[in-house]
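Novice: Here is a sequence together with a model predicted from it:
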Amino acid sequence: MSFSVQDKTVMVIGAGRSGGPAARLLAARGARVTLADRAAAIEHDADLRAAGIAIELGPHRLDQFAGADLVVLSPGVDPEQAAIAAARRAGVPVIGEIELASRWLQGRVIAITGTKGKSTTTTLAARMLQEAGLDAPAGGNLGPALSSQVAASTAKTLHVVEVSSFQLEGTDAFHPWIAVLLNLSPDHLDRHPTFDAYRAAKARIFANQTAADWAVINLDDEGARSLAPSGTTTGPRRFDFALDAPVTDGVTVEHGTIVSRSGRDVRPLLPVASVQVPGRHILSDVLAAAAVGCLAGVPPAAMQRAVETFHGLEHALQRVAVIGGVQFINDSKATNIASALRAIESFERGLVVIMGGKYKGGDFAELAGPLRSRGASVIAIGEARPRIHAALGAVVPVFDAASMDAAVRAAARAARPGGTVLLAPACSSFDMFRDYTERGRAFTAAVKALDGAVAR
């Protein structure tokens, strides 16, 4: 695609982790860039201005957006707000940061989406490719913004990109060579007006794929199957994965070994015992990453090395400490009901779950059965406390806490030796914290403070 912003006026809205790199990229490509954010101050203000980027803080000026040649959205920006509507009415193209960066990449894109498991799968897939000696940076919704990878992109680069529904809804020509759909269940309904709108955003990962591309689908997940490309002659080829559903072409598990299957041809890849992180959902993510590895030509030995050295991500089933025989697990990335369910199902009886935050859709009652079967109790935090009580209070004990410190102390009192205290919020963090990272670190700090108090 021939795409130039030379001497164009471009508004970038949202100065978060993606907005700054997008503004820098545009300025380097010759655009007149203004970075707009409603905050009173932003990080790296001086550095951005030194790069020739104008900064506009506070309420947005609609005339600026309507008079631009291009508007670029950061993923957290509401695309229906007044400034964006003014730009669209004036005929100004509006695209997301992922779309912008992808137009200038030299290498191919491996895009991974789903309601849960994106970060783990993206990290594992990138590690597998890197173990095989390939240039395969990970980024997007995870890690560095895709805009920051453009300068180093070559024809041999394989960009392993985690993409959220917010990022996908801002795409137009975004074209992954391999598109992975891990699963699909209600999420972000505080932002998307309906589940159908959320579903349509996810489906955009396949929109520009051709017969030269690949779609990787989790056959165990009904939502993922419902969005899978139909297999027409013009659409992508399929290479799937599943733990339970039959796989004709793809990756599955047979007799304790992860294998790739093509018709009757079965090739062993690595032992299931190589997986170091607990939970069936993690094993499913490993299968998805292995499917990417197969398509990219990664040898089984490289896959195994990547998996054996992977001990989980920060804030994703991360063991923080063991205090008095109780393990404390940080799964702050479990920001929706489905992710919290996966976390809960990773542990047995003796579970105390810290849950809550800013409600973003879904039904907490879906957690009732797994919680009850584990003899669990719940410490409810944040704005969602009344919903948690209403859905779970008749099934398991539910207690309130006003802060993360109080929640950790209450959970420690409720837990018994051999049990687990699990932070699995099933909600976003924005009522109490800047993001899930800050929430997870608050949990970690509270646990370490508790550990120190016990040691004294």
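Specialist: Structure's in. What do you need?

Novice: Quick one: the strands in the stretch 151-300 of the chain, in order.
Specialist: 158-162, 178-181, 214-217, 237-238, 240-241, 249-254, 257-262, 265-271 (DSSP state E, counting those that start in this stretch).

Novice: a markdown table for those, including distance to G375 and mean neighbour count?
Specialist: The way it works is simple: take the backbone N, C-alpha and C, and place the C-beta from them, glycine included. A markdown table is the format used below for these (distance: least, CB to CB, whole Å; neighbours: other CB atoms under 10 Å):
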| stretch | distance to G375 | mean neighbour count |
| --- | --- | --- |
| strand 158-162 | 35 | 27 |
| strand 178-181 | 35 | 28 |
| strand 214-217 | 36 | 25 |
| strand 237-238 | 42 | 17 |
| strand 240-241 | 33 | 28 |
| strand 249-254 | 30 | 20 |
| strand 257-262 | 33 | 19 |
| strand 265-271 | 33 | 15 |
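
Novice: export these to JSON lines and tack on distance to S74 and mean pLDDT?
Specialist: Conversion of the strands of the stretch 151-300 of the chain to JSON lines gives the following (distance: least, CB to CB, whole Å; pLDDT from 0 to 100):
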{"stretch": "strand 158-162", "distance to S74": "15", "mean pLDDT": "98"}
{"stretch": "strand 178-181", "distance to S74": "22", "mean pLDDT": "98"}
{"stretch": "strand 214-217", "distance to S74": "27", "mean pLDDT": "98"}
{"stretch": "strand 237-238", "distance to S74": "33", "mean pLDDT": "96"}
{"stretch": "strand 240-241", "distance to S74": "31", "mean pLDDT": "98"}
{"stretch": "strand 249-254", "distance to S74": "34", "mean pLDDT": "97"}
{"stretch": "strand 257-262", "distance to S74": "37", "mean pLDDT": "96"}
{"stretch": "strand 265-271", "distance to S74": "38", "mean pLDDT": "97"}
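
Novice: so which of these comes closest to G52?
Specialist: Among the strands of the stretch 151-300 of the chain, the nearest to G52 by CB to CB is strand 158-162 (26.3 Å).

Novice: For the closest one, name the packing helices and strands.
Specialist: Contacts defined by 3 or more CB pairs under 8 Å, 6 or more residues apart in numbering; DSSP states H and E place strand 158-162 against strand 108-113, helix 118-131, strand 138-140.

Novice: So which of the ones you listed is nearest V253?
Specialist: helix 118-131 (15.6 Å).

Novice: what angle do the closest one and strand 265-271 make?
Specialist: 100 degrees (axes from the mean of the first three to the mean of the last three CA atoms, to 10 degrees).

Novice: quick one: which of the helices and strands packed on strand 158-162 is nearest G419?
Specialist: Using CB to CB, the nearest of the helices and strands packed on strand 158-162 to G419 is helix 118-131, at 24.5 Å.

Novice: Residues in contact with the closest one: which ones?
Specialist: 110, 112, 114, 136-138, 140-142, 158, 160-164, 180, 182, 277, 282, 285-286, 288-290, 292-293, 296, 298, 302-303, 305-307, 309-310, 312-313, 316, 333 (CB atoms under 8 Å, 6 or more residues apart in numbering).

Novice: and A173, what is it in contact with?
Specialist: A173 neighbours (CB under 8 Å, 6+ apart): M1, E99, S102, R103, N208.

Novice: and the closest residue in space to the fourth one that isn't next to it in sequence, how many residues sit next to it?
Specialist: Right, the one you point to is R103. Excluding the flanking residues, the one nearest R103 by CB to CB, 6 or more residues apart in numbering is F3, at 4.5 Å. Using other CB atoms under 10 Å, F3 has 11 other residues around it.

Novice: so F3 sits in a helix?
Specialist: No - counting by DSSP: H, G, I helix; E, B strand; the rest coil, F3 is not found in a helix; it is coil.

Novice: Phi, psi for it please.
Specialist: Here is the backbone geometry of F3 (degrees, to the nearest 10): phi -140, psi 120.

Novice: and what of A410?
Specialist: phi -70, psi -40.

Novice: Test my guess that it contacts F399.
Specialist: Yes - the criterion here is CB atoms under 8 Å, and A410 meets it with F399 at 5.8 Å.

Novice: roughly how far apart are R439 and A446?
Specialist: 11 Å (CB to CB, to the nearest Å).

Novice: and if you look at M11?
Specialist: 41 Å.

Novice: SS state for F399?
Specialist: Reduced to three states by three-state DSSP, F399 is strand.

Novice: So which residue is smack in the middle of this structure?
Specialist: What sits nearest the mean C-alpha location of the chain, by CA atoms, centre = their mean, is K118, with 4.5 Å.

Novice: per-residue confidence for it?
Specialist: On pLDDT, K118 comes in at 92.

Novice: How about P229?
Specialist: P229 is given a pLDDT of 91.

Novice: Spatially nearest residue to it, not counting backbone neighbours?
Specialist: G235 (4.5 Å).

Novice: Tell me the pLDDT of that neighbour.
Specialist: Value listed for G235 in the pLDDT field: 90.

Novice: Show me the domain layout of the protein.
Specialist: 9-96, 105-308, 318-455 (automatic domain parsing).

Novice: Measure how far stretch 300-318 is from the centre of its chain, please.
Specialist: Relative to its parent chain, stretch 300-318 has a centroid offset of 17 Å by CA atoms, centre = their mean, to the nearest Å.

Novice: gap between the two ends of that stretch?
Specialist: 27 Å (CA to CA, to the nearest Å).
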